[in-house]
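Colleague: Output the structure for:
(one chain, ligands or ions: 3)
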Amino acid sequence: MQNDIQEVLYSEETIQAKVKELGAAISRDYQGRNPLVICVLKGAFIFMADLAKNITVPIALDFMAVSSYGNSTRSSGEVRIVKDLDSSVEGRDVIIVEDIIDSGLTLSYIIDVLERRNAKSVHVVALFDKPGRRTADLNADYTGFTIPDAFVVGYGLDYAEKYRNLPYVGVLKPEIYSN
Ligand SMILES: O=P(O)(O)OC[C@H]1O[C@H](OP(=O)(O)OP(=O)(O)O)[C@H](O)[C@@H]1O
Ligand code: HPA
Ligand SMILES: [Mg+2]
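Modeller: Ligands and ions are numbered 1, 2, ... in the order given. Prediction:
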């Protein structure tokens, strides 16, 4: 698997330091509140686990599975809810946890759904942001790293369901995509 990686962009240590910073910022901003923290599966599962440990205000957790990439490096443009939340967001302060914002289509779809369900507030934390590929007008409230227009894998992010378990984030060798 390591042989498939062309370059490591963010080491495990660099990512962990950033996750701590993001957790501290959220803990400061949500003093006295009890937000519902929503993990967007599957990509955000590792980020969510690490981030949650760095949030010091009381939180509730929930999970939503959404998919639009399938086995491609380009969004299909069609966002599907594969698993919905267990809890109601009505009247809740919601924090959406995303691994990456690329076209922005996934998040704009989820935000729209949560606002229609009458969440009190909806904010977004994204570990990676690729503004160069945006088609939806959208920005995260908390961003870890702004990255160039390259398809990245690791730390939850996949290509065709592989590489999610890498503790770092990197770019694949181009020949992997053409296989
Ligand atoms: O901004 P966008 O262009 O919508 O891309 C970002 C979304 O795409 C990926 O999910 P994917 O559909 O691959 O599902 P996965 O999390 O199960 O891999 C990623 O985890 C984000 O949720
Ligand atoms: O760069 C990416 N890597 C993995 N999954 C993704 N989904 C959107 N962009 C990406
Ligand atoms: Mg994916």
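Colleague: Run through the chain and note the low-pLDDT ranges.
Modeller: Scanning the chain with the threshold set as pLDDT under 70 gives 1, 178-179.
Colleague: for it, longest helix please?
Modeller: helix 12-29 (DSSP state H).
Colleague: Provide a list of residues in contact with the closest residue to Gly132 other than its chain neighbours.
Modeller: Nearest residue to Gly132, sequence neighbours excluded (Cβ to Cβ, 6 or more residues apart in numbering): Asp149, at 4.3 Å. C-beta: built from backbone N, CA, C; applies to glycine. Neighbouring residues of Asp149 by Cβ atoms under 8 Å, 6 or more residues apart in numbering: Lys130, Gly132, Arg133.
Colleague: Could you export those residues as a markdown table, including distance to ligand 1?
Modeller: Formatted as a markdown table, the contacts of Asp149 follow (distance: Cβ to the nearest ligand atom, whole Å):
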| residue | distance to ligand 1 |
| --- | --- |
| Lys130 | 8 |
| Gly132 | 12 |
| Arg133 | 7 |
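Colleague: Tell me the buried residues within these.
Modeller: The neighbour count (16 or more other Cβ atoms under 10 Å) marks Lys130, Arg133 as buried among these.
Colleague: Out of the contacts of Asp149, which is nearest to ligand 3?
Modeller: Nearest to ligand 3 among the contacts of Asp149, counting by Cβ to the ion, is Lys130 at 13.4 Å.
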